[in-house]
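predicted structure and sequence below. I'll ask about it afterward.
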Amino acid sequence: PVLVVDFGAQYAQLIARRVREANVYSEIVPHSITADEVRTKQPAAIILSGGPSSVYTAGAPALDEGILQLGVPTLGICYGFQVMASQLGGEVARTGRREYGSTQVTLTGDDSSLLDGQPSSQVVWMSHGDAVVRAPDGFSVLAATEDTPVAAFADERRRLYGLQWHPEVRHSEHGQAALEAFLHDAARLPGDWTPGEIIAEQVARIREQVGDGQVICGLSGGVDSAVAAALVQRAVGDQLTCVFVDHGLLRQDERAQVERDFVSATGVRLVTVDAREQFLTALAGVSDPEQKRKIIGREFIRTFEQAERDLIAEKAGEGERIGFLVQGTLYPDVVESGGGTGTANIKSHHNVGGLPEDLEFELVEPLRTLFKDEVRQVGRELGVPEVIVARQPFPGPGLGIRIVGEVTEARLELLRRADAIVRDELTAAGLDDEIWQCPVVLLADVRSVGVQGDGRTYGHPIVLRPVSSEDAMTADWTRVPYEVLARISNRITNEVDGVNRVVLDVTSKPPGTIEWE
Ligand code: XMP
């Protein structure tokens, strides 16, 4: 792999993603990693990430000095560039001039594979207070800015490279080209990390892990569980059974998309549990958001466990036991929980609800090494229908937390129709990439006066909440063109009985959350 050494801040994940965009496999490792640990991983290249620190302050994150002596092609970025410079005998200093944001850089050297063929003047993204003022011996300086004399350097003999700017950030015009030059030319790595390769590798792994065991997977209708299930199905076929709980809080067509489109495209063996009545009954009379979440969560676990027990009984009748549970854990979750690369063997939390105490599932997590965009690519390659692969995030409690007020079947039906119109129009307007997700919310406890035809109406408002975001931690409201909003508003008020007003939420997160409940 290519090891991305994480010096903090959010840069390492972005770098790892960009490396994979170049079709090269990357892994994030903490900066505390030792040279010996690096050696056992046999990396094809190393990238040192940026970080918020200053190399000469006490307690600044350090790098085992042995790592730069391993003979592995290495690229230092921003803080990583300064670490490299200071360890190898160059000089890093506080120049008193910070560079932040888009900065003009001039390429001064012409003898490095790193920036070969790039325009001699270009805009890059900078974020630093310290600067390398003298390159270490053996390095040639490749670029400078007005304030930074050494903005990039290279030692072609040792294949060590550094950039003061952030090539992983899109604002750096030729950043991806520099990363790819490092990977493909300097480190001579072929770009062979493709969806097809990922599938082949995971299929082999799953087969080895599962053997002839039985596997269960809960489908939510979302991307991750669908792709995980499709991969496991590809590996072990009917040894996998998927369970899909219809809690009645799904959007229009979602059940059919799983039952019909997903199943016919992937051949997955599916059990649907129709629990709509059960959920509605449990939710009757409840309007507090947290209480709704609790009820939905509780009912979901009960239902899923019942399905598990049924399946266990069925398989036991056939002389088999279910040993494995599929989870759609993604790489960012693994990195953020500080997890290693081993396969966890945990007791399923499902057994709280009454499964035998000693029942253990071994987890199958075929997406553990993947970023979301890779999951989508793998899904496409496996033939998972586009409506599922391209699906935006949707909360587990579903429409239950998009009805402000009590959840009833009539309100769900109304919201489903409004939501379908919104999704339709946003997709038709080509806004799906710009919009992270667009909750459509029914204010069931609010009524306002309107006029329609000759008559006065007294109906409910629908709120549109289109947001743009990188990770749902922060978000901004998406500037959806007025014409699109107008079409949505017209259609909802005309086509959905009981709604006489459409309003737009123009609050960022924070202070607003994405959902209304
Ligand atoms: P908020 O509303 O907290 O949402 O800004 C952040 C992201 O999380 C989703 N969300 C949920 N997902 N169960 C889920 O599985 C929940 O209870 C839940 N609440 C919010 C929300 O859709 C957004 O993507």
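Arrived safely, thanks for sending.

distance of Asp333 relative to Ser120?
42 Å (CB to CB, to the nearest Å). Where C-beta positions appear, they are placed from N, C-alpha and C, glycine not excepted.

pick out whichever of these two has more residues nearby.
Asp333 (15 against 11; other CB atoms under 10 Å).

what helix or strand is the nearest residue to His171 once chain neighbours are set aside located in?
Sequence neighbours aside, Trp125 is the residue nearest to His171 in space, at 4.1 Å (criterion: CB to CB, 6 or more residues apart in numbering). Element membership for Trp125, per DSSP states H and E: strand 121-134.

can you give me the buried ones in that strand?
For strand 121-134, the neighbour count (16 or more other CB atoms under 10 Å) marks Gln122, Val123, Val124, Trp125, Met126, Ser127, His128, Asp130, Ala131, Val132 as buried.

and it, what does it pack against?
Here strand 121-134 touches helix 79-87, strand 91-107, going by 3 or more CB pairs under 8 Å, 6 or more residues apart in numbering; DSSP states H and E.

to the ligand, which of these lies closest?
Ranking those by proximity to the ligand (CB to the nearest ligand atom) places strand 91-107 first, at 27.5 Å.

measure Val203 to Ser113 for me?
36 Å.

I figured Val38 hits Ala44, correct?
No. At 11.7 Å, Val38 does not count as touching Ala44 under the criterion of CB atoms under 8 Å.

farthest-apart pair in the buried residues of strand 121-134, please.
Gln122 and Asp130 (22.2 Å; CB to CB).

residue in the stretch 201-350 of the chain nearest to the ligand?
For the stretch 201-350 of the chain, CB to the nearest ligand atom, closest residue to the ligand: Arg293, 5.2 Å.

what residues does the protein put near the ligand?
Residues of the chain found near the ligand (CB under 6 Å from any ligand atom) are Arg293, Pro393, Pro395, Gly396, Pro397, Gln437, Ala472, Lys509, Thr513, Ile514, Glu515.

contact partners for the nearest residue to the fifth one once chain neighbours are set aside?
Spatial nearest neighbour of Pro397, chain neighbours left out: Ile296 (4.4 Å); criterion: CB to CB, 6+ apart. With contact taken as CB atoms under 8 Å, 6 or more residues apart in numbering, Ile296 is in contact with His247, Leu249, Phe279, Leu283, Gly396, Pro397, Gly398, Gly400.

in which helix or strand would I find the third one?
If I follow you right, that is Phe279. Using DSSP H and E, the element containing Phe279 is helix 276-283.

care to break the protein down by domain?
For the chain, automatic domain parsing gives the domain ranges 2-186, 195-389, 402-504.

pick out the shakiest of the ones you listed, pLDDT-wise.
The weakest mean pLDDT among the domains of the chain belongs to domain 195-389, with a mean of 89.

now do the end-to-end distance for it.
Terminal residues of domain 195-389 are spaced 14 Å apart (CA to CA, to the nearest Å).

over to stretch 216-227?
14 Å.

where do the helices of the stretch 151-300 of the chain begin and end?
For the stretch 151-300 of the chain, the helices defined by DSSP state H, counting those that start in this stretch cover 175-180, 195-210, 223-236, 254-256, 263-266, 276-283, 289-317.

deepest in the core, which of these is it.
Per residue and on average, the most neighbours among the helices of the stretch 151-300 of the chain fall to helix 223-236, with a mean of 25 (mean count of other CB atoms under 10 Å).

and it, what does it pack against?
When contacts are defined as 3+ CB pairs under 8 Å, 6+ apart, helix 223-236 packs onto helix 195-210, strand 214-219, strand 240-246, helix 263-266, strand 322-326, helix 372-381, helix 386-389.

now those as CSV including distance to Asp64?
Converted to CSV, those look like this (distance: least, CB to CB, whole Å):
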stretch, distance to Asp64
helix 195-210, 30
strand 214-219, 41
strand 240-246, 43
helix 263-266, 45
strand 322-326, 37
helix 372-381, 30
helix 386-389, 41
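
of all the ones you listed, which one is nearest Arg188?
Nearest to Arg188, of these and by CB to CB, is helix 195-210 at 18.2 Å.

contacts for that closest one?
Against helix 195-210 from outside (CB under 8 Å, 6+ apart): 231-232, 234-236, 239, 323-324, 343, 362, 364, 366, 370, 374, 377-378, 380-382.

for stretch 63-76, same thing?
Residues contacting stretch 63-76 (CB under 8 Å, 6+ apart): 5, 31, 33-36, 38-39, 43-48, 82-85, 87-88, 114, 158-163, 179, 182, 186-187.

pull the contacting residues for Ser225.
Counted by CB under 8 Å, 6+ apart, Ser225 has contacts Cys217, Gly218, Leu219, Val326, Gly328.

quick one: the residue of the chain most remote from its centre from Ala420, how far?
Distance from the C-alpha centroid of the chain peaks at Asp454, with 49.8 Å (CA atoms, centre = their mean). Computed as CB to CB, the Asp454 to Ala420 distance reads 29 Å.

re earlier: any idea which helix or strand comes after the strand holding Trp125?
Immediately after strand 121-134, counting by DSSP H and E, sits strand 140-144.

show me what that following strand is packed against.
Using 3+ CB pairs under 8 Å, 6+ apart: strand 140-144 touches strand 91-107, strand 152-155.

what residues does the first one touch?
Outside strand 91-107, the residues within contact range by CB under 8 Å, 6+ apart are 54-56, 82, 85-86, 115, 118-134, 142-148, 151-152, 165, 171.

correct me, but Ile295 touches Ala284?
No. Ile295 lies out of contact with Ala284 (CB under 8 Å); the separation is 9.9 Å.

give the contact list for Arg321.
Arg321 neighbours (CB under 8 Å, 6+ apart): Gly213, Gln214, Ile312, Lys315.

equivalent analysis for Asp130, please.
Contacts of Asp130 by CB under 8 Å, 6+ apart are Ser54, Val55, Tyr56, Gln82, Val92, Ala93, Arg94, Thr95.

hmm, try it at 7 Å
Ser54, Val55, Gln82, Val92, Ala93, Arg94 (CB atoms under 7 Å, 6 or more residues apart in numbering).

isn't the third one up against Tyr56?
This points to Gln82. No. Under the criterion of CB atoms under 7 Å, Gln82 is not in contact with Tyr56, lying 9.1 Å apart.

those two: who's more crowded?
A side-by-side neighbour count of Gln82 and Tyr56, using other CB under 10 Å, places Gln82 first with 30 against 12.

picking that back up, Ala22 is nearest to which of the helices and strands packed on helix 223-236?
helix 372-381 (12.6 Å).

how far does that closest one sit from its chain's centre?
Centroid separation for helix 372-381 versus its chain: 11 Å, with CA atoms, centre = their mean, to the nearest Å.

and the helix holding Phe279, what does it pack onto?
helix 289-317 (3 or more CB pairs under 7 Å, 6 or more residues apart in numbering; DSSP states H and E).

and the angle from the helix it packs on to strand 214-219?
160 degrees (axes from the mean of the first three to the mean of the last three CA atoms, to 10 degrees).

which of the contacts of Asp130 are buried?
By 16+ other CB under 10 Å, the contacts of Asp130 give Val55, Gln82, Val92 as buried.

distance of the closest residue to Glu146 other than its chain neighbours relative to Ala93?
Nearest residue to Glu146 in three dimensions, chain neighbours excluded: Gln104, at 7.4 Å (CB to CB, 6+ apart). Gln104 sits 22 Å away from Ala93, going by CB to CB.

with Glu406 instead?
On the measure of CB to CB, Glu406 and Ala93 end up 64 Å apart.

before we move on, what about Ile296?
For Ile296, the distance to Ala93 - CB to CB - is 57 Å.

one more: His166?
20 Å.

can you check Phe324 too?
Taken as CB to CB, the span from Phe324 to Ala93 is 56 Å.
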